[in-house]
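Novice: Here is a sequence together with a model predicted from it:
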Amino acid sequence: MVEMANEVKLLAGNGHPILANLVADRLGIKIAKTTSSDDSNAETSVIIGESVRDEDVFILQSSMAGDINRGFMELLIMIRACRDASARRITAVIPNFPYARQDKKDKSRAPITAKLIANMLQTAGCTHVITMDLHASQIQGFFNVPVDNLYAEPSVLRWMAENLPVEDTVIVSPDAGGAKRATSLAGYINRDFALIHKERPRPNVVGRMVLVGEDKVVGKVAILVDDMADTCGTLAKAAATVKERGAREVMAVVTHGILSGDAINILNESCLSQILVTNTVPLGDKAIRCKKIRVVDVSPTIAEAIRRTHNGESVSFLFNHAPA
């Protein structure tokens, strides 16, 4: 439990109640009373069950499993309800930012949907955002309000130090876009780094893969590092590519374990020995259906970010340190 100068109002949507309870327990507070329901025409109705007038409000809502749009709409309505109830500050705590992969205009007439999400949050009344491991850091620039982008890396490094033979590993990025993330992790543990170049003929479909630096993976435990695992086609093919090039074992470290579609079967059939994910996204029964999944709890980092924000303290400490 951590101490705060005065009480904070923590609200939670239906997206990830387990994470919300972990954060509340860490802060030593109760989640504020809210009621969220669907009307007969599928409209979402939200009622805040206690006063938030002139309060510092934090609304925790992660991507709802299988229904991102409904979860995001629920978040917007909760923000607006708090704004109309005269909350002093409204912080949206979004562990897994929705539509983060649509962060640029990569083809003609393609929308930059991440910018739309930012606009909608601000229009609803959000005055601050806390998120974790954005797919693209420039999304912070889409906002006209402060955005704190936390990192799962310190928590992951702690888990690796306690569970892996770090001296016998090599870090591998499954694509060029994740090179910065992978090199950062490799730098912290002072290990070699390799990169996979992939070609996508269409979204969520991976074509040919080429391993750059294949001499570094021979006889080593290769750790694939990425910010999210969705359908897991990339991870499975990357693992096979690295294994074929002589890696003794292949595992994956991913922040957001979305694991949609046939991902669980793909993971079970892949050559990955284990996949480490955080609890930014609700897993449901996926950890039971796939024995390779290991979960790192990031609720201490999120709770500490809330406490520091509420008390007016710096959050940058959390970029390199995991709370005890």
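Specialist: Thanks, I have the structure now.
Novice: ok, which stretches of the stretch 101-250 of the chain are helices?
Specialist: 113-124, 153-163, 179-189, 233-244 (DSSP state H, counting those that start in this stretch).
Novice: Out of these, the one nearest I77 is which?
Specialist: helix 113-124 (7.9 Å; CB to CB). Glycine gets a C-beta too; all of them are placed from N, C-alpha and C.
Novice: Grab the CA positions of the closest one and hand them over as PDB.
Specialist: C-alpha atoms of helix 113-124 as PDB (Å, rounded to 0.1, in the frame of the first residue of the first chain):
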ATOM      1  CA  THR A 113      -7.500   6.800 -36.200                       C
ATOM      2  CA  ALA A 114      -5.200   7.200 -33.200                       C
ATOM      3  CA  LYS A 115      -5.500  11.000 -33.600                       C
ATOM      4  CA  LEU A 116      -9.300  10.600 -33.700                       C
ATOM      5  CA  ILE A 117      -9.200   8.700 -30.400                       C
ATOM      6  CA  ALA A 118      -7.100  11.500 -28.900                       C
ATOM      7  CA  ASN A 119      -9.600  14.100 -30.100                       C
ATOM      8  CA  MET A 120     -12.600  12.200 -28.700                       C
ATOM      9  CA  LEU A 121     -11.000  11.800 -25.300                       C
ATOM     10  CA  GLN A 122     -10.300  15.500 -25.100                       C
ATOM     11  CA  THR A 123     -13.700  16.500 -26.300                       C
ATOM     12  CA  ALA A 124     -15.300  14.200 -23.700                       C
END
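Novice: Against which helices or strands is it packed?
Specialist: Applying 3 or more CB pairs under 8 Å, 6 or more residues apart in numbering; DSSP states H and E, we find helix 113-124 packed against helix 68-84.
Novice: between the very next helix or strand once past the helix it packs on and helix 113-124, how many degrees?
Specialist: Under the assignment DSSP states H and E, the closest C-terminal helix or strand after helix 68-84 is strand 89-94. Strand 89-94 and helix 113-124 meet at an angle of 150 degrees, taking axes from the mean of the first three to the mean of the last three CA atoms, to 10 degrees as the criterion.
Novice: hmm, who's touching the one helix or strand in the chain whose mean pLDDT sits lowest?
Specialist: Ranked by mean pLDDT, DSSP states H and E, the weakest helix or strand in the chain is strand 209-212, scoring a mean of 82. Residues from elsewhere that reach strand 209-212 (CB atoms under 8 Å, 6 or more residues apart in numbering): 172, 194-199, 217, 237-238, 241-242, 245.
Novice: try 6 Å
Specialist: 195-198, 237, 241, 245 (CB atoms under 6 Å, 6 or more residues apart in numbering).
Novice: Go through those residues and say which is closest to Y99.
Specialist: K198 (21.9 Å).
Novice: Kindly state the beta-bridge partners for the closest one.
Specialist: M209 (DSSP bridges).
Novice: Let me see the confidence value for it.
Specialist: We have a pLDDT of 71 for K198.
Novice: just so I have it, where are all the strands in the stretch 1-150 of the chain?
Specialist: 9-12, 34-38, 44-48, 56-60, 89-94, 128-132, 147-150 (DSSP state E, counting those that start in this stretch).
Novice: quick one on the thing from earlier: next, the buried residues of the least confident helix or strand of the chain.
Specialist: Going by neighbour count (16 or more other CB atoms under 10 Å), the buried part of strand 209-212 is 209, 211.
Novice: and if you look at stretch 119-129?
Specialist: Neighbour-count burial for stretch 119-129 [16+ other CB under 10 Å]: 121-122, 124-129.
Novice: neighbours of the closest residue to F58 other than its chain neighbours, just the number please.
Specialist: Distances taken as CB to CB, 6 or more residues apart in numbering place T91 nearest to F58, at 4.7 Å, with adjacent residues excluded. By other CB atoms under 10 Å, 26 other residues sit near T91.
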